[in-house]
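Colleague: Sequence and predicted structure, then a few things I'm wondering about:
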Amino acid sequence: MDEFTQGMVRRHTFFCVNKERHTSNESVVEAVPMDITVFGRSVHGWLITTEESVSDKIIPLQESLSGKGIPSDPE
């Protein structure tokens, strides 16, 4: 990584009913059992939180003004 790129961690939290499908990945931080009500029916599932590493790049002003910002965007 150069001086303008730094590592970050992004977290996602979502509800699912198939725990095995989403917890096979080693990026799972937490899996909490939860019951929710959907259209009057109780649904048993899991609240899953995952983490993934992402790169965040600071694009210098001069590069932004010259129109080259898109090619150097890491995402």
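Modeller: Right, received. Where do you want to start? Not measured: the values here are computed from a predicted model.
Colleague: mind checking how far the helix or strand hosting V54 is from the chain centre?
Modeller: Per DSSP states H and E, V54 falls inside strand 41-57. Between the centre of strand 41-57 and the centre of its chain there are 7 Å (Cα atoms, centre = their mean, to the nearest Å).
Colleague: Just the buried residues of it, please?
Modeller: By neighbour count on 16 or more other Cβ atoms under 10 Å, the buried set for strand 41-57 is 45-46, 48, 50. Every C-beta, even on glycine, is put in place using the N, C-alpha and C of the backbone.
Colleague: Check pLDDT for those and point me to the minimum.
Modeller: Checking pLDDT across those, the minimum falls on T50 at 89.
Colleague: these two touch, right, it and C16?
Modeller: No. Shown here, T50 and C16 do not form a contact pair, counting by Cβ atoms under 8 Å, at 10.9 Å.
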